[in-house]
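Asks: Fold the following.
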Amino acid sequence: MYFPTPALLAAAVAAISLNAQAAQSNTDSDTSEPLNVVVTGTRSAQPVGSAPGQVDVITRAQIEASGAQSVIEALRASGAVQIGQNTTGNSNDGVVSMRGFGENAGQNVLILVDGRPLNNPTLEAPNLATISLNAVERIEVLHGSAGVLYGQHAVGGVINIITREIEGTYAQLNGSAGSYDHNRLTGTFEHRYDSGVGLSLSADRDRNGGYRDNSGYDFDQAQAELSYRYDAGEILFSHEQINNNQRLPGSLSAAQVSNDRRQSLNPSDYFNEDLRIDRLYLQHRLTDHLGVTADWSQRDSNGEGSLSSFAFPQDTRVTAFAPRLTGHWATARGPLQLILGSDLTDSDYEAFSSTEITQDTEAVYARAQLPLVQQWSLTLGARHSKVEDRDLSADLRHHDSLLVKEIGVNWTPSEAQRVFIRRDENFRFATADENGLTLPGVDFLDPQTGVSWELGWSWSASASSLDLTLYQLDLDDEILFDSEIVNPDSWTGTGANINLDSSRRRGFVLSTEHQLTSALRVGGTYTLTDSELTAGSFKGNEVPFVSRHQFSLYGNYRFDPQWSLYTDLQYTGSRYLAGDDANAQSRLEADLVVNTSLNWRAEHWNARLNINNLFNERYYAYAGYSSFSGNYYYPAAERNLLLTVGYTF
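Replies: Model (predicted):
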C-alpha cells in the first residue's frame, strides 16, 4: 500500500493554500453550554440530531465540574459506557465496552482522537491512559454501529476524543497532590497570531504510587502543534511524545483479597511504552458548498515488559491516511449532505524476535443525507473494505473483502423532538494475535459481520432533555476466545479463537438532564443490556463480564459564582466473571460507587478537591475465571483524595 510522505503532503497543502479565496467558518467552541455541533455522527460538523443515531457530548465544562482526571474517569461518570478489564486498580485504566461486549470489547468499540483511530492490529485495547485530559475539549460518544462511516471496530459504538483548538492566547498551570503518593503537574500554552499562524505547547507529568503494591505509574507527555489558518482552510502539524511506565500488580485469589486486597504477588512485573505520534492535517474549502480534508498520521509504539520474569518486547506502528470530500447544500426541504472518502491503514506488529505480522486495510465509502420533505430526511451509505494479512515469520498471506451498507430515517416533528430509525451493517477483521491461536487447519479467521437496528426518540427544552434509544445487534462469525474448546495446538490442550455462528445483543439506553433550579442541574443514564451467545459451546449463556443493568446519576450545585459541588453515583449490576462462558461460577456482586468534587474559581485561580469512592466501597476493577487457575480478582481503589490548584494566564 502506498502512503503519501509528510513532505509530499506538505507540498500539496502549500499548493492548495496559494489558491485559497473564501472565508472559513468555525464551529462553536464554547463549552459553558452544550455544543450545538458534533462531528462523530457524520465525520463533518453538523447540528446535534441532524443524522439518525444517538451522540452524547461530554463537554469541557462537564469534565472540569466532575473533577475527572483521566478520559476513563470522564467516560465512567457519563454513564454512557461500561468500563472493564482494569488490571491495575488505577482510575485511569480500563477498557470501554458498549452494546454488551465482554473480553473482546477492546476490538468492538472504535476509539478516535480527532478522528485518528487508536485501535491496534493486536488484541491490545486502546490505551486511554496515554491521553492527557488537560488537552481534551470534548468527548463525543456515538452509540451503536457505524460500519459505513468508520469501518472496522465500529461495532458497539464510536468514541471520538476531540482536543482543544488554538484560539487567541491561553496559558494554564495545574498542580495536583493526593492519596497513594499521587502528584501531577500540567502546563499548556497556545497563541494564534494575526497572520493565522497558531502555536500550542503542552506537557503533563503524572506520578502515582498506586492503590495496590506494584501498581504505580510514571507518565510523561509533551506535545507541540503548529498550524496556519488561511482564507479557505487550515493546515496543522503536531508531534507528541509519551513515556508511560506502568507497574503490573497481577491478580489475587478470593482468599488473598480477604487477607490483604492491596498486596501483589508479582513485585517485578511491569510494562514500559515509548509512544510517538505525528499528524499532518489539511482542511480546505473548494467552493461555498464543497470542502476537502486529508488526515495523515503515524503512531509508533516501542514497548517492553516482564510478566513473572518472562520478558516480552513488542513494537507496533500504525500509519493511516484518510482523505475525504464533503458537500453541504441548503434546499427548500432541508439540508443535503454528501461525503465521499477513503481510509488507508498500514499496521506492523513485532514481538520477540520470531513474530512479525502486518495488516493493511483499504476502504472507500460514500454517505448521503437526503431531505425528503419538510421534517423528514433519509440517510444512505455504503463502504467497501479489503484487508491483507501477512505473517512474515510463518510466510502466510491472507486476503478478504466485504461490503457494508446503511439506511436511516430522521423525523423532526418539532424543534423539541426527534425520532430516528437506522439499520447499519458492521464488521471487523481478526487481529494478528487472534489469528495466532486458532484451531488446527485454521490459519486465518473469517471476518466478523453484523447488522445493527436502532430506534430512538429525543426531546429537549430550554431546561430539560430526554433521550431513549432501543437497539438490536446481530452478529455472524463473531470472533472470540472459546476457553473450553479442544485444541491440540494449545499448550493446555484447550482454548482457541473461533468464529461463532451467531450472537445477539439488545437493550435500550435512557438518559435525561434537568435544570431543577437556577443553581442545581441533575441528570442520569440507565442502560439495559441483554447479551447472549446464540451459538457455539455456550449457546444461550450470557456474555461474561457484561452487566445487564447499569445506571449513573449526577448533580451539579452552584453555591455562588465561585463555589460549586459536583457529585456522581455509578451503579454496575451483577455479572458473570470474565472467561466464565459456561456461566457456572457465582456472579460478581453489584457495586455502587459515589464520587464528589468541590470546585472553586476566582479570577485567574481555580482549585478542586476530588473525593473518589466517597463511601469506601470495596469492589473489583476486574475479575475473571480460568479453568487453569480458578477465580481471580483485581481489587479497585478504596476512598482516595486529590487536591488540584491551577492558575490561568
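Asks: what's the burial count for Arg138?
Replies: Neighbour count of Arg138, defined by other CB atoms under 10 Å: 23. Backbone N, C-alpha and C define where each C-beta goes, glycine included.
Asks: Bridged to it, which residues?
Replies: Judged by DSSP bridges, the bridge partners of Arg138 are Thr59, Ile162.
Asks: my guess is it contacts Thr163, does it?
Replies: No - under the criterion of CB atoms under 8 Å, Arg138 makes no contact with Thr163, lying 9.3 Å away.
Asks: residue ranges for the strands of the stretch 51-200 of the chain, please.
Replies: 55-59, 82-84, 95-97, 109-113, 116-117, 136-143, 157-163, 169-178, 182-192, 197-208 (DSSP state E, counting those that start in this stretch).
Asks: most tightly surrounded among those strands?
Replies: The highest average neighbour count among these, using mean count of other CB atoms under 10 Å, belongs to strand 95-97 at a mean of 28.
Asks: partners of that strand in the sheet?
Replies: In the sheet, strand 95-97 lines up with strand 82-84 (antiparallel) (DSSP bridges).
Asks: any idea which residue sits dead centre in the protein?
Replies: Central residue of the chain (CA atoms, centre = their mean): Ile111, 3.4 Å from the mean position.
Asks: Could I get the full set of strands for the stretch 251-400 of the chain?
Replies: For the stretch 251-400 of the chain, the strands defined by DSSP E, counting those that start in this stretch occupy 270-285, 290-307, 310-331, 334-351, 355-373, 376-391, 396-414.
Asks: and the ones you listed as TSV, adding distance to Ala254 and mean neighbour count?
Replies: Shown next, in TSV, are the strands of the stretch 251-400 of the chain (distance: least, CB to CB, whole Å; neighbours: other CB atoms under 10 Å):
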stretch	distance to Ala254	mean neighbour count
strand 270-285	26	18
strand 290-307	22	18
strand 310-331	26	16
strand 334-351	33	19
strand 355-373	35	18
strand 376-391	40	19
strand 396-414	42	16
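Asks: closest to Arg99 out of those?
Replies: strand 396-414 (16.3 Å; CB to CB).
Asks: chain center to the closest one: distance?
Replies: In terms of CA atoms, centre = their mean, to the nearest Å, the centre of strand 396-414 is found 20 Å from the chain centre.
Asks: Show me what whichever helix or strand comes after that strand packs onto, helices and strands only.
Replies: Downstream of strand 396-414, the first helix or strand assigned by DSSP states H and E is strand 417-428. Here strand 417-428 touches helix 147-150, strand 396-414, strand 448-460, going by 3 or more CB pairs under 8 Å, 6 or more residues apart in numbering; DSSP states H and E.
Asks: Okay, now the unreliable bits of the stretch 451-600 of the chain?
Replies: For the stretch 451-600 of the chain, no stretch is flagged by pLDDT under 70.
Asks: Let's see that with 90 instead.
Replies: Applying pLDDT under 90 to the stretch 451-600 of the chain flags residues 462, 480-503, 532-540, 543, 579, 581-582.
Asks: ok, back up a step: hey, what's the residue nearest to the centre of the chain bridged with?
Replies: As for beta bridges, Ile111 partners with Ile159 under DSSP bridges.
Asks: for Ala602, same thing?
Replies: With DSSP bridges as the criterion, Ala602 is bridged to Trp605.
Asks: Please tabulate the helices and strands packed on strand 417-428 in a markdown table and include distance to Arg601 as additional columns.
Replies: What follows is those, written out as a markdown table (distance: least, CB to CB, whole Å):
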| stretch | distance to Arg601 |
| --- | --- |
| helix 147-150 | 37 |
| strand 396-414 | 37 |
| strand 448-460 | 28 |
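Asks: Any idea which of the ones you listed gets closest to Thr572?
Replies: strand 448-460 (23.5 Å).
Asks: Quickly run through the sheet partners of the closest one, with directions.
Replies: Strand 448-460 has its sheet partners listed here by DSSP bridges as strand 417-428 (antiparallel), strand 464-476 (antiparallel).
Asks: Of the ones you listed, which stretch is the most buried?
Replies: strand 417-428 (a mean of 21).
Asks: could I have it exported to CSV, CA atoms only?
Replies: Provided in CSV are the C-alpha atoms of strand 417-428 (Å, rounded to 0.1, in the frame of the first residue of the first chain):
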residue,chain,number,x,y,z
GLN,A,417,-38.5,16.4,19.3
ARG,A,418,-36.7,13.9,17.0
VAL,A,419,-37.4,10.3,16.0
PHE,A,420,-35.0,8.1,14.1
ILE,A,421,-34.7,4.6,12.8
ARG,A,422,-31.4,3.2,11.4
ARG,A,423,-30.0,0.0,10.0
ASP,A,424,-26.3,-0.2,9.8
GLU,A,425,-24.0,-3.1,8.9
ASN,A,426,-20.7,-3.5,10.6
PHE,A,427,-17.6,-5.7,10.6
ARG,A,428,-14.2,-6.3,12.0
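Asks: List the buried residues for whichever helix or strand comes after that strand?
Replies: Using DSSP H and E, the next helix or strand after strand 417-428 towards the C-terminus is helix 432-435. Neighbour-count burial for helix 432-435 flags 432-435 (criterion: 16 or more other CB atoms under 10 Å).
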